Each structure stands twice: as structure tokens, then as C-alpha cells.
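Trainee: model the structure of this input:
(chains A and B)
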Amino acid sequence: MQVIIDNFDVVLKAFAYTIALFLSSGLVALVLGTILVAMRVGPVAVMRKASAVYVTLVRNTPLLIVLMFMAIAAPKIGINFRWLDVQIGELSFTSFFGAAFIGLALYTSTFVCEALRSGVNAVPLGQAEAARAIGLPFGGVMTQVVLPQAVRASVPPLASTMIALLKNTSVAAVFGVAEAVSRMRALTNNNASDRWEIFIVFALGYIILVELISAIAIFLERRWRVA
Amino acid sequence: MSNVSVLYDAPGPRTVTRHRLYTVLTSVALLAAVAFAVWRLWETGQLAGEKWEFAVTPRYIEAILVDGLLKTLQMAALAIVAAVVFGLVFGIGKLSEHRPIRWVCWVVVEFFRAVPVLMLMILGFFAIFGSMDNVSSRAYWSVVLALMLYNGSVLAEVFRAGVLAVPKGQGEAAYAIGMRKTQVMGQVLLPQGVKIMIPAIISQCVVALKDTSLGYYILAPGLTYLVKPLYQSFNNHVAVIVVIGGIYVLVNLLLTWLATWVQRRFVGEKKVLEVSNLAAVGGGAPV
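Mentor: Presented below is the predicted three-dimensional model:
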């Protein structure tokens, strides 16, 4: 246990990176996913197809490959995050963070799109018909009637998506972000005798965060439940 | 609302014009994006023939298929078979009438669903298989073990939901004709539950296959293992990542297609068991 007590600040800092990655890419993924789902169920065929192709392609690519593309391939064609150099308190956000953040956001947005689409499918048919009957155009039907309800219905799958994103931030370890899993590996390397303790502590960190997201999801689900 | 068109009316003449405008604008934007990508690739010399040549050279094709794809498929298949067993044991354990068994199974399932797969791989590599001499097979088994634990705990939920989805009267009838608990589960509930579980299991294969790529972090054999040596010898980072990523996409699309086919052929129009929607807690969404 001594290792953990001695390095507790390292553990906390590692999870701070995990949370920063989760919040930033989660937010962007939610926005992107909403745009994708609007395109996907919309009346313009080209948008529908483009969105469908994007979602299918990115969803079926391993996240590691997506991040690899951002961190290794993109700089080769002149798209890089070398300009990124922000220091907030103890944490520094550099090109590694930028690549991981964009990759995670792009990857997660496809799952957000699918979660929202399942929500759109859950809105009763009559509601959309009624919205059209009072003369709302597609934009109005979506923003005033369908999407608000779809968001409520998709809280459980969206929560699953967000939990998956939280766990997926670990993949950023492979590309140089000093988040929880990367720190765990470093600590395990240097303290071979305490591997299990280190593992349990980091696992607990993830479990706490996962339970937090589930709690928020359950709260929102209860609060937004339609009578 | 599987019929999407219910969200909007059949367009009138003005809307048709507007949609045409959107179509043109979107097309232009998409073309511009593609053109920009191609221009960047061209400008930086990534389109040069010799950078893509490895993908049509028999020696490298063989390496990619045998050392890469075959190993990846092997790991994924082993992990899924083990995960099905793990899932059956713990999924049925969660339905047990004995409280301690139920709780133990619940803790195990929730734990492995909440912990990142990459973390399990590292644990396997350093602690569980730490004493193995051959580093390559050490990494191999770490990947298989990690994927078994994660996918197994997701499948445990699938099995539980599948068994619960069988109408209650079936089990009652089985008890009424004098079957014992194991018989009811093994001969009545499971065989019927399995039918609606199969598409979910195949979807889980996609997840397992995608996750084998994480073995990269512990240098496990497989498709991603080849990426580094390839781009180091040809300096063709973009080409290698696109080709290897493409193979994953292709295999996954085949699996998805298989799941849809099985669903249509054997399950019919019944609601699919959505793995990702089973429970918010611990979320089982594809990684």
C-alpha cells in the first residue's frame, strides 16, 4: 500500500487527465452526434448517405486505429496539434492530448448518433404526425417535438456511450497522454511487488467515475420521465 | 418510427428547390473535404506508388494475412468462446436462488464491465502471465484473458436478459411436469433464450475483434503489431494505417451482416437484445 500512499498525487493527477479527456471529447461528441443524427434522419438524401457512411466506417474501425491515425498519420500530411500547448494548474495539454481528444470525439460521436437515433425511433409516430399537421417544417419537427423527447428516451444508451468513452480514454495512454492507465503501467513497472494493490486502486478510480455517470443518468431518467 | 419519412411531408415545389440547394451545398462541402484530403496527401507525397506497394506485394500480403489477420481472428475467437462460457456461468449465477452466489456473480460482472480492457491487458501482462518466458505468447494470452473477462461480463447480462425474456409460464410448466431446476434451465429456458441471444453474441464478436487491436500496447501479435515495422521500413504511415484499418472495417462489416442475416433467418421480427441498452450501470456499449 506504501506505493499508493507515496504516489497518491500521481494517481490523482492521472485521473485528472482522464476526466479532462472525458469531459472535452464527450462534449464535442454530443454536439457532433446530434448533427449526425439530424443529417441521418433528414430529408436530404446526400446528407443521409454521408452521415450513414461516416457512422458505419468509424464505428467499425477500432478506436486504436482512429487514434493512431490522429497521432501518427495525420501529422504526416500536415494536420497536427503541435500548436497546442496549454497549461492549467498542474496539467499540461499538448499535441498528444489534442490528437487523443479529437480522435475520441470523432469515434464517440458515431455512437452518440446511434444512441440518439434509437431515441428518435422511440418517439411515437403520432407525435411527429401531429407536429407536421400544425405546419412545422422538418427543422421545427426535430427541434421542438422529436429531439427533446428523443433525448429523454436515449438517456440509457447515451449513458452507456459515455461510460464507454470514459473507459476508452485509456487508449490515449498508448499515444503518450499521462492518464490513469498510462500511470498505472508506469507504477506497475517500477513496483513489481505491489502490482495487485496498484491495479485495485486504479480500478476503484474507474468504478467510482462509472458509478457517478450512472447516478447522473438515473437521476436524469427519473427527472425527465414522460408521464 | 422505422419509416423515417414520417418526420417530414412529401416536399412541395419550393421545398424541393430548397432541398436541391442543400444537396448541392452538401455535395460541394463533401467534395471539398475529399479534395483537401487528397491534396494534402499529394502535397506530402503520401500518394506515391511505392508507399502503397506493400499492399499488393505477395510477401507482405502474406505477412498481413497470416501474422496479422489470422492471429487477430484467433485471439478474438478464443476470447469469444471463453467469454460465452464465462457469461453463461455468471449470467445464470446472477439468476441463482442463493443470495451469496447471486452477489458474487453480480460483483464479478459489474467489476469487469467498469474497468477498461487495456487495464486488464496490462494486469495480465505484468501480474498474471508475468512468469511466462515467451514475451509474444505472454502478450497473446493477456489479450485473450482481458477480452474474455470484459466480453464475458457483458454477455452475462445478455444471457440473463435472454433467459428472463422467455415467457414465465414456460418455466412454471416445466416445474409442473416435475423437472428439476437444472433441467428447467438447461432444457427449457436456455434453448429458447439462445435464439434471441445469438445476434447479440455476434455483435459482441465485433467488439472483441476491435479490441484485439489494443494488444498494440503490450506488443501482442495481430494486425496492429505490423503497423510499426511496416511504416518504419517504408515511411508510409498513412498508407499502412489506412490499409490495416480497412481490413478491420471489412471483417466487422461481414460480421454485422452475418448478425443481421441470422436475426432475419432464425429470430424473425422479434425485438433484438441490444447489448448496449441492457443496463445503464457499468454500460456495455461497444468499446
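Trainee: near chain A, anything from the helix or strand that contains residue B:113?
Mentor: Assigned by DSSP states H and E, residue B:113 falls within helix B:99-114. Yes - applying C-beta under 8 Å from any C-beta of the partner chain, one finds helix B:99-114 touching chain A at B:111, B:114. Just so you know, the C-beta spots here come from the backbone N, C-alpha and C atoms, and that holds for glycine as well.
Trainee: packing partners for that helix?
Mentor: helix A:195-224, helix B:71-94, helix B:135-165 (3 or more C-beta pairs under 8 Å, 6 or more residues apart in numbering or on different chains; DSSP states H and E).
Trainee: just name the most buried of these.
Mentor: helix B:135-165 (a mean of 23; mean count of other C-beta atoms under 10 Å in any protein chain shown).
Trainee: and the helix or strand just after it with helix B:135-165, angle?
Mentor: The helix or strand immediately downstream of helix B:135-165 is helix B:168-176, counting by DSSP H and E. Taking axes from the mean of the first three to the mean of the last three C-alpha atoms, to 10 degrees, one finds helix B:168-176 and helix B:135-165 inclined to each other by 90 degrees.
Trainee: any low-confidence regions in the stretch 101-250 of chain B?
Mentor: By pLDDT under 70, the stretch 101-250 of chain B has no low-scoring segment.
Trainee: who in it is up against chain A?
Mentor: So far as C-beta under 8 Å from any C-beta goes, the stretch 101-250 of chain B lies against chain A at B:111, B:114-119, B:122-123, B:126-127, B:130, B:206, B:210-214, B:216-217, B:224, B:227, B:231, B:237-238, B:241-242, B:244-245, B:248-249.
Trainee: do a quick rundown of the strands in chain A.
Mentor: Using DSSP state E, the strands of chain A run over A:86-88, A:91-93.
Trainee: narrow the residues of the stretch 101-250 of chain B next to chain A to those in strands?
Mentor: Those of these lying in strands (DSSP E): none at all.
Trainee: ok, back up a step: got the CA coordinates for the helix holding residue B:113 in CSV?
Mentor: Extracted in CSV, the C-alpha atoms of helix B:99-114 (Å, rounded to 0.1, in the frame of the first residue of the first chain):
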residue,chain,number,x,y,z
ARG,B,99,-28.1,-15.0,-2.3
PRO,B,100,-24.3,-15.4,-1.9
ILE,B,101,-23.9,-16.9,-5.4
ARG,B,102,-26.0,-14.0,-6.8
TRP,B,103,-23.9,-11.4,-5.1
VAL,B,104,-20.6,-12.9,-6.0
CYS,B,105,-21.7,-13.1,-9.6
TRP,B,106,-23.0,-9.5,-9.5
VAL,B,107,-19.8,-8.1,-8.1
VAL,B,108,-17.6,-10.0,-10.7
VAL,B,109,-19.8,-8.9,-13.6
GLU,B,110,-20.0,-5.3,-12.6
PHE,B,111,-16.3,-5.1,-11.8
PHE,B,112,-15.2,-6.3,-15.2
ARG,B,113,-17.7,-4.1,-17.0
ALA,B,114,-16.4,-1.0,-15.3
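Trainee: buried stuff in that helix?
Mentor: B:105, B:108, B:109, B:110, B:111, B:112, B:113, B:114 (16 or more other C-beta atoms under 10 Å in any protein chain shown).
Trainee: the top helix by length along chain A: which residues count as buried?
Mentor: Taking DSSP state H as the criterion, chain A has its longest helix at helix A:8-41. Of the residues in helix A:8-41, A:11, A:13-22, A:24-26, A:28-30, A:32-34, A:36-41 count as buried by neighbour count, 16+ other C-beta under 10 Å.
Trainee: just checking, what packs against it?
Mentor: Helix A:8-41 packs on helix A:45-60, strand A:91-93, helix A:95-122, helix A:155-168, helix A:180-190, helix A:195-224, going by 3+ C-beta pairs under 8 Å, 6+ apart.
Trainee: how close does the spatially most central residue of chain B sit to residue A:60?
Mentor: Centroid-nearest residue in chain B, with C-alpha atoms, centre = their mean: residue B:207, separated by 1.3 Å. Counting by C-beta to C-beta, to the nearest Å, the gap from residue B:207 to residue A:60 is 11 Å.
Trainee: my guess is the residue nearest to the centre of chain B contacts residue B:158, does it?
Mentor: No - with contacts counted by C-beta atoms under 8 Å, residue B:207 stays clear of residue B:158, the gap being 11.8 Å.
Trainee: ok, the residue lying closest to residue B:213 once chain neighbours are set aside - how many residues close by?
Mentor: Closest residue to residue B:213 apart from its sequence neighbours, by C-beta to C-beta, 6 or more residues apart in numbering or on different chains: residue A:62 at 3.8 Å. Neighbourhood size, residue A:62 [other C-beta atoms under 10 Å in any protein chain shown]: 27.
Trainee: pretty sure residue A:62 is touching residue B:210, no?
Mentor: Yes - counting by C-beta under 8 Å, residue B:210 is a contact partner of residue A:62 at 4.1 Å.
Trainee: who touches both of the two?
Mentor: residue B:248 (C-beta atoms under 8 Å, 6 or more residues apart in numbering or on different chains).
Trainee: re the thing from before, dump the strands of chain A to JSON lines, plus distance to residue B:28 and mean pLDDT.
Mentor: Output for those, formatted as JSON lines (distance: least, C-beta to C-beta, whole Å; pLDDT from 0 to 100):
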{"stretch": "strand A:86-88", "distance to residue B:28": "34", "mean pLDDT": "80"}
{"stretch": "strand A:91-93", "distance to residue B:28": "34", "mean pLDDT": "82"}
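Trainee: deepest in the core, which of those strands is it.
Mentor: It is strand A:91-93: most buried of the strands of chain A by mean count of other C-beta under 10 Å, with a mean of 15.
Trainee: name every strand pairing with it and say which way it goes.
Mentor: Strand A:91-93 has the following strand partners under DSSP bridges: strand A:86-88 (antiparallel).
Trainee: report the beta-bridge partners for residue A:93.
Mentor: residue A:86.
Trainee: ok, it touching residue A:20?
Mentor: Yes - using C-beta under 8 Å, residue A:93 is in contact with residue A:20, at 7.5 Å.
Trainee: residues in contact with the residue nearest to residue B:213?
Mentor: B:210, B:211, B:212, B:213, B:214, B:224, B:245, B:248.
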